[in-house]
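Novice: return atomic coordinates for the entry below.
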Amino acid sequence: MQNSQPAATAHHWYQGLDGVRAIAVTMVFIHHYYSRIFIDFGWTGVQVFFVLSGFLITGILFDSRREPFRFRNFYIRRTLRIFPLFYFTWLLILLGGIFLHLKWRPWHLLWVVYLGNYTRFFVGSLDCDHIYTAYSQLSIEIGHYWTLAVEEQFYLLWPLVVFLVGSRKILMRICLAVIVFSPLLRLVLYWTLPQGLLSLDFPFRFTFTQCDGFLLGGLMALLIRGDQKEKTLHAANWLLYSSLGCLLFLHLLANGWRLRDLNFEHAWMPIFGLSLINLASAGLILSSLRTGSILNRFTSSWPLRQVGRYSYGIYVYHLLMEPFLYAFVWPMSDNSRTPGHYLHAALAVVLYYALVLAVSVLSYHFLESPFLRLKSRFTFGTKTAETALQHSAAAS
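Specialist: Sure thing, here's the model as predicted:
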């Protein structure tokens, strides 16, 4: 019989969540590198990251809500975790621009200040997801940074709510209200926005239409800190598999067996599909907390935990490296559909993943870790949430 207790107490690091992080970042990687020739569902890894971020951050905020210097400590810790790698990559882009002759545009500044999720709508084009160079075969891909922008905007707003409200029951009601409101907002936007904005994924990239994912994770964090912990953990598998079942049913109803069409372009996906993906993500996270469960053993395995440890770097670097890997390491054509082509593509993607992981490992140990060690020097008060926060990578 499986033990439904979480793998650690509320104030400690959950090993299985590193594995969830690894699954999410691998899904996103496959989406960007392999989706052109295979079934594309990897983009849903972004939703896993959002729900996981909401779970971790809400738990940290709630546990530290009575600590002195809580605002200061939270933002210093987040800054030391997120900013060094993010702005280091921008330094690399600036230096690379000297040799690649980057074609800078004013809207690129929005990416630097974590407003990149809105650039498409200001510019009216997908071109703002790239920085073009003087070489037609090379462009710097920065479009994936939109998720980091959404997370940072969430980090600015949600701590104010948690610290000012304080009450667990009221916070749970707020989470529930947002979980209901966000899909309705997506529905209204879908029926009222011009087609031009819809084609630019406005309902997907707008911060307030993604809040239900974050606060679904937040609701789970609050539930396991109360009397509902056992019921919440026992509902994990049901939540995961029923959500996936409903998602598959809706897809078959709308598109038949064309599984390659499982994307954000269909009307039902931004409205109801996104909510089901968030619920499945919540089920995955809760299942990873149940000691002895199959998913807990899988997500707590050493290989997944190691990949999860470096997931922030993998996410940040993987698209920046993509054009160079395609151009100089192992070019991959999308034209053929022969078995040999699929094998070639799969081997190429494995090589790409290994190279991105290697860069992320070096980045973590030589760039990120020195900043992480500064947390204890620049924060004050008790260390209620310190252990959890040190192991919470910024997911994107």
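
Novice: from the contact counts, what lies against the helix or strand harbouring Phe49?
Specialist: Using DSSP states H and E, Phe49 maps to helix 45-63. Applying 3 or more Cβ pairs under 8 Å, 6 or more residues apart in numbering; DSSP states H and E, one finds that helix 45-63 contacts helix 15-34, helix 70-100, helix 146-165, helix 168-192, helix 211-223, helix 274-289, helix 386-390. From N, CA and C alone the C-beta is placed, and that goes for glycine too.

Novice: the third one vs helix 211-223, what angle?
Specialist: In other words, helix 146-165. Here helix 146-165 runs at an angle of 50 degrees relative to helix 211-223 (axes from the mean of the first three to the mean of the last three Cα atoms, to 10 degrees).

Novice: so which elements touch helix 146-165?
Specialist: Partner elements for helix 146-165 (3+ Cβ pairs under 8 Å, 6+ apart): helix 45-63, helix 70-100, helix 168-192, helix 211-223.

Novice: Ala358 is nearest to which of the ones you listed?
Specialist: For those, proximity to Ala358 was assessed by Cβ to Cβ; helix 70-100 is nearest, at 15.4 Å.

Novice: beyond the closest one, next helix or strand please.
Specialist: Using DSSP H and E, the next helix or strand after helix 70-100 towards the C-terminus is helix 108-112.

Novice: report the rounded mean pLDDT for that following helix.
Specialist: Here helix 108-112 scores 95 as its mean pLDDT.

Novice: restricting to C-alpha, output that helix in PDB.
Specialist: Extracted in PDB, the C-alpha atoms of helix 108-112 (Å, rounded to 0.1, in the frame of the first residue of the first chain):
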ATOM      1  CA  HIS A 108      14.300  44.400 -27.700                       C
ATOM      2  CA  LEU A 109      14.600  46.500 -24.600                       C
ATOM      3  CA  LEU A 110      11.300  45.100 -23.400                       C
ATOM      4  CA  TRP A 111      12.800  41.700 -23.200                       C
ATOM      5  CA  VAL A 112      15.600  43.000 -20.900                       C
END
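
Novice: list of residues touching it?
Specialist: When contacts are defined by Cβ atoms under 8 Å, 6 or more residues apart in numbering, helix 108-112 is touched by residues Trp90, Gly116, Tyr118, Thr119, Phe122, Cys128, Ile131, Ile142, Tyr145, Ala149.

Novice: what distance do you get for the fourth one to Arg81?
Specialist: In this case it means Thr119. From Thr119 over to Arg81 the distance is 24 Å, taken as Cβ to Cβ, to the nearest Å.

Novice: more crowded one of these two?
Specialist: Taking other Cβ atoms under 10 Å, Thr119 and Arg81 do not tie; Thr119 has more neighbours (27 against 20).

Novice: so who does that one touch?
Specialist: Here Thr119 is in contact with Trp107, Leu110, Trp111, Cys128, Asp129 (criterion: Cβ under 8 Å, 6+ apart).

Novice: at 6 Å instead, please
Specialist: When contacts are counted by Cβ atoms under 6 Å, 6 or more residues apart in numbering, Thr119 touches Trp107, Leu110, Cys128.

Novice: who wins for neighbours among the residues you listed?
Specialist: Neighbour max across these (other Cβ under 10 Å) = Cys128, 22 neighbours.

Novice: which SS class is that residue?
Specialist: Taking DSSP: H, G, I helix; E, B strand; the rest coil as the rule, one finds Cys128 in the helix state.

Novice: could you measure from Leu289 over to Ile98?
Specialist: For Leu289 relative to Ile98 (Cβ to Cβ), the value is 48 Å.

Novice: sorry, back to before: and Tyr326, which of the helices and strands packed on helix 146-165 is closest to it?
Specialist: Nearest to Tyr326, of the helices and strands packed on helix 146-165 and by Cβ to Cβ, is helix 70-100 at 15.2 Å.

Novice: now do the buried residues in that closest one.
Specialist: Neighbour counts over helix 70-100 (16 or more other Cβ atoms under 10 Å) mark 70, 73-74, 76-78, 80-82, 84-86, 89, 93, 96, 100 as buried.

Novice: centre of the chain versus it, how much separation?
Specialist: Computed by Cα atoms, centre = their mean, to the nearest Å, the chain-centroid distance of helix 70-100 equals 17 Å.

Novice: how about stretch 158-166?
Specialist: In terms of Cα atoms, centre = their mean, the centre of stretch 158-166 is set 22 Å apart from its chain centre.

Novice: any idea which element Ile140 lies in?
Specialist: In the assignment (DSSP H and E), Ile140 maps to strand 139-141.

Novice: so which elements touch that strand?
Specialist: Contact here means 3 or more Cβ pairs under 6 Å, 6 or more residues apart in numbering; DSSP states H and E; on that basis strand 139-141 packs against strand 130-132.

Novice: tell me where the stretch 201-350 of the chain is predicted with low confidence.
Specialist: Scanning the stretch 201-350 of the chain for pLDDT under 70 picks out 258-266, 332-337.

Novice: ok, the residue nearest to Gly283 when sequence neighbours are not counted - contacts?
Specialist: Nearest non-adjacent residue to Gly283, counting by Cβ to Cβ, 6 or more residues apart in numbering: Leu240, 2.8 Å away. By Cβ under 6 Å, 6+ apart, the residues touching Leu240 are Ala280, Gly283, Leu284, Ser287.

Novice: and the two most separated of these?
Specialist: Ala280 and Ser287 (10.4 Å).

Novice: can I get the contacts of Leu240 in CSV with distance to Gly213?
Specialist: Below are the contacts of Leu240 laid out as CSV (distance: Cβ to Cβ, whole Å):
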residue, distance to Gly213
Ala280, 11
Gly283, 13
Leu284, 13
Ser287, 17
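
Novice: any idea which of the residues you listed has the most stuff around it?
Specialist: Going by other Cβ under 10 Å, Leu284 tops the contacts of Leu240 with 25 neighbours.
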